[in-house]
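Participant: Return a 3D structure for these sequence lines:
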Amino acid sequence: MTAAPTTWQAALGTALVAGGVQIAVWVPDKRLAPIVAAIEAAGLPVRTLTREEECIGYAAGYRAAGGTPLVLMQCSGLGNALNAIGSLAVPYGLGFPLVISMRGTLGERNPSQMPLGRATTGLLALLGIESFPLRRPDDVAAVVRGALAVADGARTIAPIILDAALEL
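Facilitator: Numbers count the residues shown, from 1 in each chain. So this is what the prediction gives:
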C-alpha cells in the first residue's frame, strides 16, 4: 500500500506546527480549510472566529502571554483586520505568522474580490510589514521557517501570502 501524496496545504500546516505554532485562529475559508485540517490533525487547537480583527486580537493576547499563535484569513478580510494590526500587533511588537489566501488575482472571476486582492501586500507594506509569498509547493519549508523567524525575532506580523498559482 502506498501512502497518499502530501499536498502543499498539509505540508504547510505540518511545517507551522513543527515550527512551534501552538494555536491557530481563523475565519473559515474554503482555500484555508485543508491547512486547518492538517493543523487539527497534528493535535493543535483551532479557534473559529467570526471576524478577522477578532483573530488578530486573540492572537495578540496569546502572543502577549508568551505563546506562538497563527492567524489564517482570506485577503478580503485583511481590510477588517488592519486597525487591529496597526494599533495593537505592530506597535506592541506582538509578532506572529499570518497565512493569507489570495483572491482577486490570477484566475479570479469575482470582481468584488479584485480591490483587496490587488492591495493586500501594499496595505501590509504601508504598516511596515513585509509579506512572504508562497508560490511553489517546494518552498513551503523555507517560507515557513523564515516567517516564523521574523515573527519571533523581529516581533512583527509575518504574512505568508498564498499565491493564486498554487491553486491552478
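
Participant: hey, where'd the helices end up in the protein?
Facilitator: 8-18, 33-41, 52-64, 78-84, 114-126, 140-149 (DSSP state H).

Participant: Least confident of these, on average?
Facilitator: Mean pLDDT values for those show the minimum at helix 114-126, a mean of 88.

Participant: Let me know the pLDDT of the residue nearest the centre of the chain.
Facilitator: Centroid-nearest residue in the chain, with Cα atoms, centre = their mean: V99, separated by 1.1 Å. Confidence at V99, expressed as pLDDT, is 98.

Participant: bridging residues for it?
Facilitator: For V99, the beta-bridge assignment (DSSP bridges) gives partners L72, I160.

Participant: Tabulate the helices of the chain (JSON lines), appending distance to T105 and mean neighbour count.
Facilitator: (Each C-beta comes from the backbone N, C-alpha and C, glycine too.) As requested, those are arranged in JSON lines below (distance: least, Cβ to Cβ, whole Å; neighbours: other Cβ atoms under 10 Å):
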{"stretch": "helix 8-18", "distance to T105": "17", "mean neighbour count": "21"}
{"stretch": "helix 33-41", "distance to T105": "18", "mean neighbour count": "18"}
{"stretch": "helix 52-64", "distance to T105": "18", "mean neighbour count": "21"}
{"stretch": "helix 78-84", "distance to T105": "13", "mean neighbour count": "18"}
{"stretch": "helix 114-126", "distance to T105": "5", "mean neighbour count": "16"}
{"stretch": "helix 140-149", "distance to T105": "18", "mean neighbour count": "18"}
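
Participant: got the ones you listed as TSV, with distance to L134 columns?
Facilitator: As requested, the helices of the chain are exported to TSV (distance: least, Cβ to Cβ, whole Å):
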stretch	distance to L134
helix 8-18	7
helix 33-41	11
helix 52-64	19
helix 78-84	16
helix 114-126	13
helix 140-149	5
